[in-house]
Each structure stands twice: as structure tokens, then as C-alpha cells.
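**Q** Structure for the following, please:
(3 chains)
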Amino acid sequence: MISRSIFWFRRDLRLSDNPALLNAIANSQEILPLFIMDNEIANRAGSHRRAYLAASLRALNGSLGGSLHVISGDPVAILRSLISKYDISQIHVASEFAPYGVARDKRVVESGIELIRTGSPYAIAPGRVVKSDGTPYRVYTPFFRAWTSHGWRTPVAAPQNIKAIAPGKSEQRLPDWDIASELDLPPAGEESAQKRWRDFQTNGLDNYDQARNFPGVDGTSRMGHHLRWGEIHPRTILDSLGGSPAHEVYRKEIAWREFYADVLYHNPHTSRDYYSKRFAGMRYESPDGKFLAWCEGKTGFPFVDAAMRQLVETGWMHNRLRMVVASFLVKDLHIEWHHGANFFMKYLIDNDVASNSHGWQWTAGCGTDASPYFRIFNPVEQGRKFDPEGDYIRKYIPELGHLSAKYIHEPWQDPAGNRNSYPDRIVDHTVERLESLARLAEIKVVTPES
DNA sequence: TTTTGAGTTGTTCGA
DNA sequence: GTCGAACAACTCAAA
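**A** All right, here's what the predicted structure looks like:
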């Protein structure tokens, strides 16, 4: 009798450096490659996210010779049905650590379906890097040191031959969501991920520490969406890094992803709630018209608006601008971080709940290892410093294209006064900065006099 | 055991 | 123009 295993793809849409897949192949004669489109993914994702996932699944299906089963619905019901239909003996997966995946897998296991877990989407699985007393780190730099000295497996090759079960007619409904080409998304899939990484190694990595700060320059790796869906494993990336300062800065970015996954694993409620609870008691504004202006890129601050338009148009935003627009929402508009985080999650093709929630909480000042309370980004100065000529602004705000570098960061200062349809500032940064500091002072921890 | 210094991404103010 | 100080509270690890 033939032994058959399901390999359930979740955040690991690749064949190479996939130990869980190798384990499945080693333990069975035939593999049923499966992706389950559950409601959580289908309902919460915006068009860019859905299109990117669809493209990635198509690529994976291609490298599996057309054998990827893509089925929409409840994971428990789908797995049960496949187990009985194909006489499946094992189900192999890579472990998941974010709240949704943990809860889903728990439900599957509690329904009586055994999951054989091998590996994770991280170089070191969340929960493994701990302090000498066994408790998790709350500060990045000590975590980074411990994480580095912990070490990780070297990458493994893709399987040579996969004997896969072909899907039945109803078992391959590749999502007919908006196609990626219409949205001008970056190419998806394992091959594209590896190509992008090679290109970045050749053209960007050695200058990464400098160039990554300038949104008008293609200085970042653009690996986030590939890592999000596991089209490449972080081990593969780490394995090709050297010891130069630029490489070290990049390694630290990978470590931030692992740190926040670890923090969220230990504190699952912080995907939505304040890590530092006293911030829940701060005075905030409700997300009204000013929130809408922020979403639409109509705050009147060109650097902020360019970034928000980049997000909505392309499904991606440059890292520096993520901090600038987050600081603006939280500290200039006094709106709670989770409104911004939800908006990011809808649009970002590299949406990662751990990095997103904790990135936002870092800026808001309420997270682990948070940004100091006084670190309030000035949207004009940030623009002058990191987009000195205004190239980035002009790219996404064409109605300001005629302004010179002198006025493009502060169009309201332009004596000619020609702003086309571009809006007035919705707030005065100097005023709102002080307001923010005042509100923070209200939740200051009172230390008893000694 | 206690103390000390450092800690991703900044800004303002006054000299 | 440049430059240093100041702007909490807390965690962690080295001294």
C-alpha cells in the first residue's frame, strides 16, 4: 500500500531550504501539496496582498508541475476530507508562531488531526532565544547578541523528485483575484525571490547601510514580501552575508524580524493591544477626517503624503517613511497606533503581523525597546534630510512637481502660492509635538520620592 | 549583590 | 552655520 502525506504550505511557498518538505518526502511515497485559502486571508487582505499571494501560488504550482491543491474554506474540514479521500497517513507542516497561525493549528490538532512540525519561518524559532534565567528578552541588542551566538542550520537543497498527487477538478481553484501585472507588483515566487536576492547582493548590499535611508533611491533589499510568504528562508539570506559593516546592518534587519516574532510569540495579545499598558490610558483622538486625510495622502505634508500614496498605489512603503507616517499619525494626529497598523496590514504585500504591530508600537513609544518618548519625527526635516531634492515626493505627488527643492517640503512657504490641488496642512507640527509631549506627561510614571 | 552604562532610525534650544 | 546638552523610564549585562 502506498503511503501518502499532505504537505500543507502556509508561510513557506518554496521548495528549496524547506526541511519540513524534505521530511514529508522522506516519510511517504506520494505527496499531496496543499494550500488552504481560509477566510482570514481572503477577507482581510487588500487587492495588492491578494494579487501577490495569487501570483506566488501560481509560481509554486508551476514548480510543482501543476500539482498544488488550492482549496478555500475551513482547514479542519478540508484536511478531514482529503485524509479520507486520499488515505493520507501524515500531515507535514512548518511550525507557525503568530497568533492566528497558532490558534488555527491548535484547532486542527484538537480536532484529532496530527500535524508533524519541522522547522519554522525563522532562522531560530521564536521561544528559543532566552536570557540565562530562561525568560524572554525585552530589549533588542541583548537579543541580537544571544541570537547571533545561538546559530542556525545551514540551508538544504530542494528535493530532486516529488511524486505528487494531481489535484481533482475542484481541488485547484487558483484564486482569480486581481492579477499582479495590472497592479505593477514585484514578481512573486521562489525563483523571483532568489533572483532578487542575488541582484541585491550584487548591486545593493555593500552600500545598504547608507542607501537604505533614502526613499528616492532603490537602496533597500525589497525582500520583505518574499520573506513574508517564505519564498526564501532567512537562513538562505544569512548564509550569504559576510562581516562588513553593511552586511552587519542587514543581518540586524533580519534579526529585528526574528526579535519581533519572538516578542509576539511570548505576548500574543500585542498584535492588537498595547505592550506597555499605561499607553492605553493616554488621551487620543478618534479616527475622523484627519485619519482619512492620512489614509488618502492629503495631510498637506508632502513627505507623509507621498509615502501614503506609495503604499496605496504600490502595496509597499519605504522603511524610513513607515516611521515618518507612523510618527505623524500617533504624535501629530494623536490617533492610536492600531488604526495605522490595520491600514498598513490591508495594503502591504510584506505584511507581517509581528513586525507591523511592533514596528508601530516602537514608534508610538509603547512597545518593547520602544522609541524614546521625545523621539518625534518632524515630517519636514525628515524630508529635507532623506529626500533633499524632493525626487521621492515628486514621484508620488505630481501636482507638486513644479516646486523646487527649497519649497517642496513646505509648499505653504512658496511665495508663488501655486499648489494646484494639493491641500493645506491639516495641523501645525510644532503645536502638535508639544501637545503630544503634554499627553505623554499625563501618563508619566510617578516615582515616589526617596 | 550592587552599581553602572548603554540602548536602530530624533529634535530643539542655546551657546 | 555648528555643536553639545537635554529630553524618562526601564531592561539587561558587564563590572
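**Q** Closest residue of the stretch 301-450 of chain A to DNA strand C?
**A** A:P372 (3.1 Å; CB to the nearest atom of the strand). For every residue, glycine as well, the C-beta is placed using N, CA and C.
**Q** Tell me how many other residues crowd the closest residue to that residue other than its chain neighbours.
**A** Once flanking residues are discounted, A:P372 sits nearest to A:G365: 7.4 Å by CB to CB, 6 or more residues apart in numbering. Using other CB atoms under 10 Å, A:G365 has 22 other residues around it.
**Q** before we move on, what about A:A42?
**A** The burial count for A:A42: 14, using other CB under 10 Å.
**Q** one step back: over to the residue of the stretch 301-450 of chain A closest to DNA strand C: give its phi and psi.
**A** Phi and psi for A:P372, reported as degrees, to the nearest 10, are phi -60, psi 150.
**Q** tell me the pLDDT at it?
**A** Model confidence at A:P372, given as pLDDT, is 90.
**Q** DNA strand B contacts on chain A?
**A** A:139-141, A:213, A:252-253, A:256, A:319-320, A:323, A:359, A:362, A:369, A:371-372, A:374-378, A:381-382, A:385, A:429-430, A:433 (CB under 7 Å from any atom of the strand).
**Q** Buried ones among those residues?
**A** Neighbour-count burial (16 or more other CB atoms under 10 Å) applied to the residues of chain A next to DNA strand B gives A:140, A:213, A:252-253, A:256, A:320, A:323, A:359, A:362, A:369, A:371, A:376-378, A:382, A:429, A:433.
**Q** Hmm, A:S111 is touching A:V76, no?
**A** Yes. Using CB atoms under 8 Å, A:S111 is in contact with A:V76, at 4.7 Å.
**Q** who has more neighbours, those two?
**A** A:V76 (17 against 12).
**Q** can you pull the contacts of the more buried one?
**A** A:107-108, A:111, A:113 (CB atoms under 8 Å, 6 or more residues apart in numbering).
**Q** which one of these has the most neighbours?
**A** Most surrounded of the contacts of A:V76: other CB under 10 Å gives A:V108, at 20 neighbours.
**Q** how close does that one sit to A:I91?
**A** 8 Å (CB to CB, to the nearest Å).
**Q** Then A:S170?
**A** A:S170 is 20 Å from A:I91, by CB to CB.
**Q** Spit out the residues that contact A:V108 and A:I91 alike.
**A** A:79, A:115.
**Q** sorry, back to before: name the residue in A:S170 and A:I91 with the higher neighbour count.
**A** A:I91 (21 against 8).
**Q** Need the nearest residue in space to that one, chain neighbours excluded.
**A** A:I6 is the one closest to A:I91 (CB to CB, 6+ apart), at 4.6 Å.
**Q** In contact with that neighbour, which residues?
**A** A:24, A:31-32, A:34, A:79, A:82-83, A:88, A:90-92.
**Q** got it, and A:F143?
**A** Applying CB under 8 Å, 6+ apart, the residues near A:F143 are A:129, A:137, A:255, A:259, A:262.
**Q** Top of the residues you listed by number of neighbours, please.
**A** Ranking the contacts of A:F143 using other CB under 10 Å puts A:F259 first, with 27 neighbours.
**Q** Verify the contact between it and A:V139 for me.
**A** No. Look at A:F259 against A:V139 with CB under 8 Å: they stay out of range, at 9.3 Å.
**Q** what stretches of chain A score poorly on pLDDT?
**A** A:178, A:180-181, A:446-450 (pLDDT under 70).
**Q** just the strands in it please.
**A** A:4-9, A:30-37, A:69-72, A:90-93, A:116-117 (DSSP state E).
**Q** closest to DNA strand C out of those?
**A** Of all the strands of chain A, strand A:116-117 comes closest under CB to the nearest atom of the strand, at 27.1 Å.
**Q** Remind me what the closest one packs against, helices and strands.
**A** Strand A:116-117 makes packing contacts with helix A:19-26, strand A:90-93 when contacts are defined by 3 or more CB pairs under 8 Å, 6 or more residues apart in numbering; DSSP states H and E.
**Q** Partner strands of it, with direction?
**A** The pairing partners recorded for strand A:116-117 under DSSP bridges are strand A:90-93 (parallel).
**Q** The longest helix along chain A: which residues count as buried?
**A** If you go by DSSP state H, chain A has its longest helix at helix A:245-266. Buried residues in helix A:245-266, counted by 16+ other CB under 10 Å: A:246-247, A:250-266.
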